[in-house]
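S.K.: Here's a sequence, model it:
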Amino acid sequence: MQPIKDEYREKGLEIINLSSNPEEVLRSLWEDEDLTQELFIDEDHDVSSGFGVGVTPAGVFIGKEGSVKESITGWGKDSGEEFKDKVEKLLEE
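M.R.: Next up is the predicted model:
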């Protein structure tokens with residue numbers, strides 16, 4: 001997701017990562033990959049359930065007015081393109 005964040009930042013995209021994984025695992029990943037995205041630890045699923053997400057990883061797409069527009073769960077080889085398509089659609093609104 002880092003390349004997507006970098007590509008769309010000037011258009012107003014912000015990516016915030018929410019994970020239920022333990023903090024020490026995620027911090028190690030962030031350092032190893034030199035990631036600059038926001039990271040929030042949600043081990044109790046309080047925040048993710050507020051967005052209607054029951055499984056992580058997930059992408060929640062929030063429109064400019066602040067409401068949830070769409071979400072995707074999981075991450076696979078085609079997820080980057082799906083994510084970019086949804087970002088483009090939201091940026092057009």
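
S.K.: Give the rounded mean pLDDT of the lengthiest helix in the chain.
M.R.: Longest helix in the chain by number of residues (criterion: DSSP state H): helix 79-92. Taken as a whole, helix 79-92 has an average pLDDT of 84.

S.K.: can you pull the buried residues of that helix?
M.R.: Going by neighbour count (16 or more other CB atoms under 10 Å), the buried part of helix 79-92 is 83, 86-87, 90. From N, CA and C alone the C-beta is placed, and that goes for glycine too.

S.K.: residue ranges for the strands of the chain, please.
M.R.: In the chain, the strands defined using DSSP state E lie at 16-19, 38-41, 58-62, 68-73.

S.K.: got these as CSV, with mean pLDDT, mean neighbour count and distance to Arg27 columns?
M.R.: Shown next, in CSV, are the strands of the chain (pLDDT from 0 to 100; neighbours: other CB atoms under 10 Å; distance: least, CB to CB, whole Å):
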stretch, mean pLDDT, mean neighbour count, distance to Arg27
strand 16-19, 77, 17, 11
strand 38-41, 79, 14, 8
strand 58-62, 79, 17, 20
strand 68-73, 80, 14, 23
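
S.K.: Do you know the pLDDT at Val55?
M.R.: On the pLDDT scale, Val55 gets 76.

S.K.: Report the contact partners of the closest residue to it other than its chain neighbours.
M.R.: Leaving aside its sequence neighbours, Val55 sits nearest to Thr73 (CB to CB, 6 or more residues apart in numbering; 4.8 Å). Contact partners of Thr73, counting by CB atoms under 8 Å, 6 or more residues apart in numbering, are 53-59.

S.K.: and for stretch 50-63, what are the contacting residues?
M.R.: By CB under 8 Å, 6+ apart, stretch 50-63 touches 18-21, 42, 45, 48, 68-75, 79, 83, 86-87, 90, 93.

S.K.: run the last query once more with 6 Å
M.R.: 19-20, 68-73, 75, 83, 86, 90 (CB atoms under 6 Å, 6 or more residues apart in numbering).

S.K.: Now for the residues you listed: which two are most distant?
M.R.: Ser20 and Leu90 (24.8 Å; CB to CB).

S.K.: Any of the contacts of Thr73 buried? List them.
M.R.: Judged by 16+ other CB under 10 Å, buried ones among these: 53, 56-59.
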